[in-house]
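Student: Pasting a predicted model and its sequence here:
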Amino acid sequence: MKKYLSNKNMYKEIIWCKGIGKMTPELSKMIELICRRLVVTMKYTKKIDYEDAVQEGILRCHEYWYKYDEDITDNPFAYFTQIAKHAFYQFSDTLDHKHYKTGQRYVEYRDFDKSNLL
């Protein structure tokens, strides 16, 4: 069975990125793979919430990729998994809070101007 992501390759890629001072598209694809696989563990009622959660996880990983410390650990997979997981939890909290304030849960609202209907 082929692994979808190699920790060794990810480690090499992040060391390379830190050396050149910017994220490569290859590391970005690796982060996206982690987020897309990890989001299935969360439970959302709408497909758009899954996509928003993935984007939130990718965004957070892109914000904190340079803080990875290879002296502490040689496991970037676990590092990015934790960042994405916390981003998903934060996103879920904002969803719950937003819908709690409106009194509805996971309902889309559309505001129509009634003057155009006449």
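Tutor: Looks like it came in fine. Residues are numbered from 1 along each chain as shown.

Student: number of nearby residues for residue 29?
Tutor: 12 (other Cβ atoms under 10 Å). All C-beta atoms are positioned from the backbone trio N, CA, C, and that covers glycine.

Student: Just read off the phi/psi values of it.
Tutor: Dihedral angles phi and psi of residue 29 (degrees, to the nearest 10) take the values phi -70, psi -40.

Student: Let the chain start at 53 from now.
Tutor: New numbering, starting at 53: the last item is residue 81.

Student: now it: how far from residue 99?
Tutor: 22 Å (Cβ to Cβ, to the nearest Å).

Student: Tell me the buried residues in the longest helix seen in the chain?
Tutor: If you go by DSSP state H, the chain has its longest helix at helix 128-154. Buried residues in helix 128-154, counted by 16 or more other Cβ atoms under 10 Å: 128, 131, 132, 133, 135, 136, 137, 139, 140, 143, 144, 147.

Student: quick one: average pLDDT of that helix?
Tutor: Averaging pLDDT along helix 128-154 gives 81.

Student: helices or strands next to that helix in the packing?
Tutor: The helices and strands touching helix 128-154, judged by 3 or more Cβ pairs under 8 Å, 6 or more residues apart in numbering; DSSP states H and E, are helix 59-72, helix 77-90, helix 99-116.

Student: So, low pLDDT: which residues of the protein?
Tutor: Applying pLDDT under 70 to the chain flags residues 53-55, 148-170.
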